[in-house]
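>>> turn this into a model:
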Amino acid sequence: MDLVSVTGLHRPRTRDEAHEALLAGAVPLAGGTALYGEAHLHPAGAAAPPGETTPVTALVDLLDLGWPDVEALPDGGLRVAATASLRTVLDHPLTAELRPFLHDAFSCLLASWKIWARATWGGNLCAALPAGAGTAAACTLGATAEIWTPDGGTRTIPAADVVTGPGRTSLGPGEILRALGIPAAAGRARYAVRRHSLVPSGRSGSVVTGRLDPDGRCTLVVTAAVPAPQILEWDAAPPPEVAAAAVRDLPHWHDDPQGHPSWRRHVAGIAALAVVVELGGDPGTHPGTHPGTHPGQEEET
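Residues are numbered from 1 along each chain as shown. This next block holds a predicted model:
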């Protein structure tokens, strides 16, 4: 949809200019696919009363800051710019080890190849949609979020702490998600992805992703079915039934046209069971693929 209320576009040359525009009430723009895809009300600026919102009237183009898409870190990890598109992340040589998992995770988005070329990984987190597959990927990798603060500082939090609810994040007034930090160990883990939706080409109603580390530690991440990412961890891979029960014991389930909470709870349990089975399977099996099935769909039994 068109943002007919927008009358200003900021093209910052410096970090300070970007923070200044955001504090005045402008909205950050990177890929813009979520921003232009739905109607939005945004915080009216740091000087506005708490909770007050206003239609979007100005944008801040973060692409003008020219951040490198993917950088190698000294410890072997990666720094992925929040403005890097999904396609750029997938095709970058430095993400080769993670590409199968990232492809399966990003495929949980209801998006065409044109969206993949434009939508950004960081923007997917900041949009804070429950079905944000970029959120699922970041949480499963154990990524951290590098956040620029208006005072010129930087704070780092787990990517899982960015999204706090549908359309809500932990970013404060004027703050900017600069990058996602992916630990070096992420490239040595095994991954699995399971998605459910009410119709095959519909928005995700449930996404369960899993990671099995070389030391046996197992992590499950539930998104889409819940208002904000839920992470469950075990020192060793649990029996599949235990994992399914733990997921179904989560206290809060999302409710919107993409699925009733009871259905989401049910299929998330099915997905958790399948993810744990796959993670514990033959190491020769591709970690992002489940033989005979699409990684996004499981039969409901």
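
>>> just name the shakiest helix or strand of this structure by mean pLDDT.
Confidence across the helices and strands of the chain bottoms out at strand 41-43, with a mean of 52, counting by mean pLDDT, DSSP states H and E.

>>> how many neighbours does His19 have?
By the criterion of other C-beta atoms under 10 Å, His19 has 21 neighbours. Every C-beta, even on glycine, is put in place using the N, C-alpha and C of the backbone.

>>> could you do Ala24 as well?
Here the number of neighbours of Ala24 (other C-beta under 10 Å) works out to 17.

>>> local confidence estimate at it?
The model reports Ala24 with a pLDDT of 88.

>>> and if you look at the one 10 residues further on?
Ala34 carries a pLDDT score of 71 in this model.

>>> that one and Ala127 touch, don't they?
Yes. Using C-beta atoms under 8 Å, Ala34 makes contact with Ala127 at a distance of 3.8 Å.

>>> more neighbours: the two, which one.
Just comparing Ala34 and Ala127: by other C-beta under 10 Å the higher neighbour count belongs to Ala127, 24 against 20.

>>> residue contacts, the more buried one?
For Ala127, the set of contacting residues under the criterion of C-beta atoms under 8 Å, 6 or more residues apart in numbering consists of 34-35, 167.

>>> hmm, try it at 7 Å
Contacts here follow C-beta atoms under 7 Å, 6 or more residues apart in numbering; on that basis Ala127 touches Ala34.

>>> how many residues are close by Pro257?
Quick note: Pro257 (other C-beta under 10 Å) scores 9 neighbours.

>>> please, where are all the helices along the stretch 1-150 of the chain?
Under the criterion DSSP state H, counting those that start in this stretch, the stretch 1-150 of the chain carries helices at the ranges 15-23, 33-37, 86-91, 99-106, 113-118, 121-127, 133-141.

>>> could you pull out the buried residues of the first one?
I take that to be helix 15-23. 18-22 (16 or more other C-beta atoms under 10 Å).

>>> before we move on, what about the third one?
Residues of helix 86-91 classed as buried by neighbour count (16+ other C-beta under 10 Å): 86-90.

>>> now those in TSV, with pLDDT?
Below are the buried residues of helix 86-91 laid out as TSV (pLDDT from 0 to 100):
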residue	pLDDT
Leu86	93
Arg87	94
Thr88	95
Val89	96
Leu90	95
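
>>> done for today, thanks.
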